[in-house]
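Colleague: Below is the sequence, then the predicted model.
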Amino acid sequence: MKRNLLATTACLTACTTFLFNTNAFAQTNGGENSRDDDEIIVTGTPIAHPEHESIIAASVLTEADLASRGEASIGELIRREPGVSSSFFGPAASRPIIRGLGGDRVSVLDAGIGSIDASSVSDDHAVAVEPATAERIEIVRGAAALFFGSSAAGGVVNVFDGRIPSEVPEDGIDGALRTSYGTVDDSIEAAGGFDVLLGKFGDTALVFHGDGFYRKTEDYSIPGFAESEAFRALEEAEHDDHDDEHDHEDEAHHDHDEHEEEEAFGVVDNSSIVTKGGSVGASLIFDDGFFGISGKTTKSNYGIPGGGHHHEEEHEDDDHDDDHGDEEHEHEHAHGEEDVRIALEQQRFDVRGELNKPFFIVDTTKVRFGYADYVHRELEGDEIGTEFNNTGYQARVEFLEKEFGNFRGATGFQYKHRNFDAVGAEAFTPPNITNQFGIFTVREYETGPLHLQVAGRYEHTSTKAETVGLDRTFDALSVSAGIGFEPNDNLFFGINGLRTERAPAPEELFSDGAHLATNAYEVGNSDLGIETATGVESTVHGELGRVSVTINGFYTSYDDFVALIATGAEEDELPVFEFTARDAVFKGFESQIEADLFTIGGFDVSSSAQVDYVRAKFKNDGGDVPRIPPLRSILGLEANSDYVDLRGEVELAAKQNRISAAELPTDGYSLVNFAMTWRPGGEGHGLSVQLRADNVTNEEARLHTSFLKDVATLPGRNFKISLRGAF
């Protein structure tokens, strides 16, 4: 496996070395890979740029890209993109991880406004942004804190679902319906949406939007044991040590426990999902812009694989006077676990508008506002173990300025309010209220092939936890400066230097309690200060005839990087982990090559290859940062025609043995996937049928970035059929 990955990396390096011949690019003024159709990116900076002219590493997944993907979470939907992994806490709860960073450092946005949920608090909390209705996703790899705040210090995933229309449907109505069935979990999914022109009033059009989705799955199948071999060996060793000190009765209990563990074979228990929801919206669309509102509801009930939650009474009896009583209590504690399900509900209201009417020095004004009431109940059988409530709102205003010669700029304001409350057995973070205000600006200068960009952001954050008498405020200043050089239409070089500051999240400051989802007793540190990142990022986009390449590299040095570190102590029979500030270094790259190979029998055949890698260490011989993804490569081959598209791909991941003290190594894997899409009416017609075969070889695959990696694998072999119709 490792040799295959290294061979792939060497092959890509050789290709890119050939491609990076500037003279060769200069002689190629066109080719079949025209950049005229490149997607415009609006997430990385308020001033939109085509993908190939972006100084920061950013990319777009279009509606066509997303049409063939049917995942239950945003994290799994984009996990195979370069530089992206996921936290995978079962198929429903999966947040994106970008360049090894996740949690509060990666923002999942809903059309530019945060998801306003509790997903960044814990990996078992699902993101309240539904992938089934996504029409477009923009991904920023690296610091986007200058434009979206501290919670975007590691990257941004911006999801657009079109529930506030910004354009009038061409024929007065358009929409799409999709339904699918998958074998690995007996999944049934359906989603649909439409825009309809209700009427015109002079130059103003009223457009209505509606959408809905439904998903139901059973527990998903896997090729072997749910627990990893390394984890089973560790448990066996611990049980052997335990048995040496106990009598025959306890050994019988131990044998019974082992039998129960061995039953977790061929399926990941408690991984089923039921999700439903929908939204309505309406917009007034006029010559100079639009203004719209929407309401959205999401409900989900999903299982947390791996158990790990205990009843409160397990800790009540601490005063056994005899050894046998202690042993009985420990055994009862071990069997006090129950399958835990999460019932999630969010009601959300959004306003969005854009005015392309100049005044003073402003050319375009953009306004966004979102409010959400979110509740998340952890159900232990018929009882509510813990309830999380998060009510919040966010507002954002951007002013794009008129161009003055070769100069252009944009300035914006952003405000966030979050009222978070948790009650119950796993209320490891006390109730807290956070307010954050930010002002940002970006200046650009362009002359000939040269692009210059500078940006800055000031941010004030206040966080208060009254029940524990803690109140912190932070003032953060972030700046960046970048240079882009485009010697011709087929080659672009970019380099960006940055210094960003991140205020610690409330969980990092105030936590003090058992967090059984991560099997840890988490302790915050109210003395944490600003986390500072200083780094450099580079990007190269190029085309040579039928071949295109993108390479991104990054190096970031952190002062006071906040990480959850094992202390070696125990509390409530759980290992204690404390949020600690340590200096760290993250470095790595993403490389992607696509090539149009040949045409045969009406099929255009193309190939692709990508490699991504992250290395993250604490300074001063502090060891490795936990849960960092390994070296990974994805190789693909496609054949496309008017009526049929074919694709095969192999995803290769190396073994991850650069681990922290509290981790186990994770074996590498190779996943083979195939897909065929048939369009009965040909290209441009709305009807399509897709057949997918994922993990064809039924490989055992575990994500090192997941807290559940040693108790739950990725799904096994899956055959999926999807029917999609657009009108």
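Modeller: Received it, and whenever you're ready, just let me know what you need.

Colleague: Tell me, how many residues neighbour V423?
Modeller: Neighbours of V423 under the rule other CB atoms under 10 Å: 12. From N, CA and C alone the C-beta is placed, and that goes for glycine too.

Colleague: Check the gap between it and S119 for me.
Modeller: From V423 over to S119 the distance is 19 Å, taken as CB to CB, to the nearest Å.

Colleague: now I139
Modeller: Taking CB to CB, one finds I139 at 17 Å from S119.

Colleague: So for the two, which sits in the more crowded spot?
Modeller: Shown here are I139 and S119; by other CB under 10 Å, S119 has more neighbours (28 against 24).

Colleague: who touches the more buried one in this structure?
Modeller: By CB atoms under 8 Å, 6 or more residues apart in numbering, S119 lies in contact with 93, 95, 108, 125-128.

Colleague: how does it look with 10 Å?
Modeller: Applying CB atoms under 10 Å, 6 or more residues apart in numbering to S119 gives the contacts 73-75, 87, 93-95, 103, 108, 125-129, 344, 374, 376, 390.

Colleague: now, which of these lie within strands?
Modeller: Of those, the ones assigned to strands by DSSP state E are 108, 344, 374, 376, 390.

Colleague: before we move on, the earlier item: give the PyMOL command for selecting the buried subset of the contacts of S119.
Modeller: Buried subset of these, written as a PyMOL selection, criterion 16 or more other CB atoms under 10 Å:
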select buried, resi 73+74+75+87+93+94+95+103+108+125+126+127+128+129+344+374+376+390
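
Colleague: got a pLDDT number for E313?
Modeller: Listed pLDDT for E313 reads 37.

Colleague: Just the buried positions in stretch 456-476, please.
Modeller: Buried, per 16+ other CB under 10 Å, within stretch 456-476: 456-457, 459, 461, 463-465, 470, 472, 474, 476.

Colleague: if we take the residues you listed, which one ends up nearest to I495?
Modeller: G456 (18.0 Å; CB to CB).

Colleague: Look up which helix or strand that closest one falls in, please.
Modeller: Applying DSSP states H and E as the criterion places G456 in strand 450-465.

Colleague: Give the partner strands of that strand in its sheet and their orientations.
Modeller: The pairing partners recorded for strand 450-465 under DSSP bridges are strand 432-447 (antiparallel), strand 470-488 (antiparallel).

Colleague: Phi first, then psi, for A48.
Modeller: phi -70, psi 150 (degrees, to the nearest 10).

Colleague: wait, I meant T518
Modeller: Phi and psi for T518, reported as degrees, to the nearest 10, are phi -100, psi 10.

Colleague: now it: how far from S706?
Modeller: Distance from T518 to S706, by CB to CB: 11 Å.

Colleague: Name the residues contacting each of these two.
Modeller: Both T518 and S706 are contacted by 89, 123, under the criterion CB under 10 Å, 6+ apart.

Colleague: Go through the contacts of S119 and flag which are in helices.
Modeller: Judged by DSSP state H, helices contain the following of those: 74-75.

Colleague: Next, R502: phi, psi?
Modeller: phi -120, psi 130.

Colleague: quick one, what contacts it?
Modeller: 104-105, 143, 145, 149-154, 459, 461, 474, 476, 478, 530-533, 558, 560-562.

Colleague: Just the ones in strands from those residues, please.
Modeller: Those of the contacts of R502 mapping onto strands are 459, 461, 474, 476, 478, 531-533, 558, 560-562, per DSSP E.

Colleague: Give the bridge partners for E590, please.
Modeller: So, taking DSSP bridges as the rule, E590 has N552, D612 as bridge partners.

Colleague: per-residue pLDDT, the one residue sitting closest to the centre of the chain?
Modeller: Centroid check for the chain by CA atoms, centre = their mean gives P96 as the closest residue, at 1.6 Å. The score at P96 is 95. That number is its pLDDT.

Colleague: Over to the one 4 residues further on?
Modeller: At G100, the pLDDT value in this model is 96.

Colleague: what are the ranges of the helices in the chain?
Modeller: For the chain, applying DSSP H gives helices covering 2-19, 22-26, 63-67, 74-77, 145-148, 229-243, 248-262, 323-334, 506-510.

Colleague: For the third one, buried residues please.
Modeller: Read it as helix 63-67. For helix 63-67, a neighbour-count test (16+ other CB under 10 Å) marks 66-67 as buried.

Colleague: helices or strands up against it?
Modeller: strand 136-141, strand 173-182, strand 718-726 (3 or more CB pairs under 10 Å, 6 or more residues apart in numbering; DSSP states H and E).

Colleague: Just name the most buried of those strands.
Modeller: Ranked by mean neighbour count, the helices and strands packed on helix 63-67 are led by strand 136-141 with a mean of 24 (mean count of other CB atoms under 10 Å).

Colleague: so what strands line up beside it?
Modeller: strand 57-61 (antiparallel), strand 155-160 (antiparallel).

Colleague: Quickly, which of those bottoms out on average pLDDT?
Modeller: Looking at the strands paired with strand 136-141, the bottom one is strand 57-61 with a mean of 89.

Colleague: my guess is E218 contacts Y302, does it?
Modeller: No. The pair E218 and Y302 does not pass the contact test of CB atoms under 10 Å, sitting 11.8 Å apart.

Colleague: Next, show the common contact partners of those two.
Modeller: 271-273.

Colleague: low-confidence ranges in the protein?
Modeller: 1-38, 240-263, 307-337 (pLDDT under 70).

Colleague: Okay, strands next: where are they in the stretch 551-700 of the chain?
Modeller: Assigned by DSSP state E, counting those that start in this stretch, the stretch 551-700 of the chain shows strands spanning 574-600, 603-618, 632-640, 644-653, 669-678, 687-694.

Colleague: nearest to F213, of these?
Modeller: strand 687-694 (17.6 Å).

Colleague: Return the list of strands paired to the closest one, each annotated with direction.
Modeller: Sheet pairing for strand 687-694, using DSSP bridges, gives strand 669-678 (antiparallel), strand 718-726 (antiparallel).

Colleague: quick one, what contacts A92?
Modeller: By CB under 10 Å, 6+ apart, the residues touching A92 are 72-73, 75-76, 124-127, 215, 217, 271-275, 300-305, 342, 344.

Colleague: Just give the closest residue to it, not the sequence neighbours.
Modeller: Once flanking residues are discounted, A92 sits nearest to Y302: 3.6 Å by CB to CB, 6 or more residues apart in numbering.

Colleague: got the contact list for L703?
Modeller: So L703 contacts 75-76, 79, 85-88, 94, 97, 627, 629-630, 653, 656, 666, 669, 709, 712-714 (CB under 10 Å, 6+ apart).

Colleague: Buried members of the residues you listed into PyMOL, please.
Modeller: Buried residues among the contacts of L703 (16+ other CB under 10 Å), as a PyMOL selection:
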select buried, resi 75+76+79+85+86+87+88+94+97+627+629+630+653+656+666+669+709+712+713+714
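
Colleague: Any idea how many residues pack against V362?
Modeller: So V362, with other CB under 10 Å, has 16 neighbours.

Colleague: And G278, by the same measure?
Modeller: G278 has 19 nearby residues by other CB under 10 Å.

Colleague: give me every residue that touches the closest residue to it other than its chain neighbours.
Modeller: Closest residue in space to G278, ignoring its immediate chain neighbours: G212 at 3.5 Å, by CB to CB, 6+ apart. By CB under 10 Å, 6+ apart, the contact list for G212 reads 130, 132-133, 190-193, 276-280, 297.

Colleague: re earlier: out of the helices and strands packed on helix 63-67, flag the one nearest G353.
Modeller: strand 136-141 (18.8 Å).

Colleague: got the angle between the closest one and strand 603-618?
Modeller: In terms of direction (axes from the mean of the first three to the mean of the last three CA atoms, to 10 degrees), strand 136-141 departs from strand 603-618 by 40 degrees.
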